[in-house]
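A.B. asks: this is the structure alone, sequence omitted:
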């Protein structure tokens, strides 16, 4: 990142946004590429006294651009600009994990609910939202937003029918992770209607009572049948009472309980304290953390989060004042339960220093140095060690310094003291002192110093870090895809693909299940050729095979059909018409001809042609079938499918696409898919291909036998 601002402050990982200091009456405006920035879920505008900061959350490539801050007061206008370049981060392949999960909500009818989650994983995971097992489409009242590794689902104009179980599923080439939550909708509208009914009933009764005296003044005492009238509203009232729809149907609540209780602990001052617990219940319980009677909220020195079913409270830069009883209270419709524990923070004891061991850990890299330090009584720097290291942009790195004697520790970046935050997390445990940078980018390069104040003087451990941009990796792709295969039982099927890209991993699957090597199946990748070989093929090997290519840049796949036929003991039967002369008369008879020819290879020229096809296919009733014919010709031929049924089929008729028949054609092949076929679908299927250079055709005989088990 290049910038024209000498004064800068850290915001989200990877962003070094300028801060502008002006007088209190100054008017500050932020712009990106000339457009004014307003506060939103993405842009967070912070003012701390006379300092103004722009935080860009969950930065993505689209955030690249020039950012300008303009500050205007009575003395004039000053401007500071910074260019933000966001590049892709190279991370080792990793399955998705949730860093923040959607939380269960209770919402009133007519309102809205927003569920948010954050995750990690490489390649970047894709997210799908579900309700009661069905995919939620982003339309109408449903809005889904994905920004980098942050995702959200918002439901507006909520009704009772929105109550239920929801799920968020994230997946990439390395795996899949799922989290569930619930939405409960309270029917406040029905409560209002019940109140209106009661008021109306009271008014009606009062009105009837007032009418009785009026009747007496009119001197019509004989009209005493009127007293029953007030009973009429009572009947109406009884009829109104049984409002069954007003009883919302909710899943049975299960009272919350702790599966892991809080435990008391003792830590040293200026370290990180972590309290954790786990709980169960339906719906999933909400949690509230307290220090004594004070409710704790996210921010400042408190980090509150949940991960893998556990609830956590972390307290940074602890002091003796943090000593107290801490409690976690979980609540759902089934009840409330609380777990408590004592946290004791003690001042660090001062001991003389003897040995300094400096370690750096970046992924799989570890370096250690030992420095002998004699005890001194001065405050001067008595030891400095320096380690140079190179890291890749986007990595999480941890710097470690092992310094005995419980010294007072400060971490600095280019001479400036670092605050203990989620992005630059500092921790001390015994002699080990660490600084974890959540996501290091080029802007974070420089010298990091662990400064230890000991009785003998100051000890400094310097880490000089150079951040490299990610290596440009070619995405995976096919040079040539595997061709459809039509074989007889006992033959060998070979699927071959030529691939390209850096460090491409190849995986085969059949009908969405991973193919593993057996005595009959072998998977190989030699150079850029990936091969799946099936020896002694059986009918059960028929299906759709998927070849998936994966590397750090993404994923690419293709599907190829494989059909293995019995073909009547290795033979194909066809009915033909034969004409001959007998006794001076021409006779016509129908004969069954048996042939062992499974595929037919036709001529190879510019004219439209059928290159390969299955001459006969036998399937069970209700078993989906895909008839694939390899074709050729220049220009690409026009394809027509027709059929003639065995039962009552006198002529070939065009196939009409719909829920039963679907045709997909490419320049290389054409496929007819028949879904849930029945015996009546048996017959001869004809494929005709034609272009300006010629015409060709072939027949495929389809046999449909008894219903599959």
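C.D. replies: Nice, I can see it. Please read these numbers as outputs of a predicted model, since none were measured by experiment. Residues are numbered from 1 along each chain as shown.
A.B. asks: can you pull out the helices in the stretch 551-700 of the chain?
C.D. replies: Using DSSP state H, counting those that start in this stretch, the helices of the stretch 551-700 of the chain run over residues 567-570.
A.B. asks: residues contacting the top strand by length along the chain, please?
C.D. replies: Using DSSP state E, we find that the single longest strand of the chain is strand 694-707. Strand 694-707 is contacted by residues 572-574, 600, 602, 605, 607-610, 613-622, 625, 627, 629, 633, 637, 674, 677-679, 681-690 when judged by CB atoms under 8 Å, 6 or more residues apart in numbering. Bear in mind the C-beta positions are built from the backbone N, C-alpha and C, glycine included.
A.B. asks: who does residue 700 form a beta bridge with?
C.D. replies: residue 685 (DSSP bridges).
A.B. asks: which ones among the contacts of strand 694-707 map onto strands?
C.D. replies: Those of the contacts of strand 694-707 lying in strands (DSSP E): 572-574, 609-610, 616-621, 625, 627, 629, 674, 683-690.
A.B. asks: which stretches of the stretch 501-650 of the chain have low pLDDT?
C.D. replies: Within the stretch 501-650 of the chain, the set of residues satisfying pLDDT under 70 comprises 567-605.
A.B. asks: for the stretch 151-300 of the chain, same thing?
C.D. replies: In the stretch 151-300 of the chain (pLDDT under 70), the answer is 187-251, 299-300.
A.B. asks: what are the ranges of the helices in this protein?
C.D. replies: Applying DSSP state H to the chain gives helices spanning 188-217, 231-240, 567-570.
A.B. asks: show me what contacts the nearest residue to residue 276 once chain neighbours are set aside?
C.D. replies: Leaving aside its chain neighbours, residue 276 sits nearest to residue 312 (5.0 Å; criterion: CB to CB, 6 or more residues apart in numbering). For residue 312, the contacting residues are 274, 275, 276, 303, 304, 305, 306, by CB under 8 Å, 6+ apart.
A.B. asks: how about residue 643?
C.D. replies: 649, 652, 653, 655, 683, 684, 685, 686.
A.B. asks: from residue 437, how far out is it?
C.D. replies: Per CB to CB, to the nearest Å, residue 643 is found 66 Å from residue 437.
A.B. asks: then residue 658?
C.D. replies: Relative to residue 437, residue 658 is positioned 59 Å away (CB to CB).
A.B. asks: of those two, which one has the most company?
C.D. replies: Counted by other CB atoms under 10 Å, residue 658 and residue 437 do not tie: residue 437 has more neighbours, with 22 against 8.
A.B. asks: tell me the contacts of that one?
C.D. replies: Listed by CB under 8 Å, 6+ apart, the contact set of residue 437 reads 13, 396, 397, 398, 399, 423, 424, 444.
A.B. asks: so the fourth one makes contact with residue 435?
C.D. replies: To tie it back to what came earlier, the one meant is residue 398. Yes: with contact defined as CB atoms under 8 Å, residue 398 counts as touching residue 435 (7.2 Å).
A.B. asks: among the contacts of residue 643, which one sits closest to residue 52?
C.D. replies: The closest of the contacts of residue 643 to residue 52 turns out to be residue 655 (CB to CB; 68.5 Å).
A.B. asks: show the pLDDT at the closest one.
C.D. replies: pLDDT for residue 655: 91.
A.B. asks: and it, its phi and psi?
C.D. replies: When read as degrees, to the nearest 10, the backbone of residue 655 gives phi -90, psi 130.
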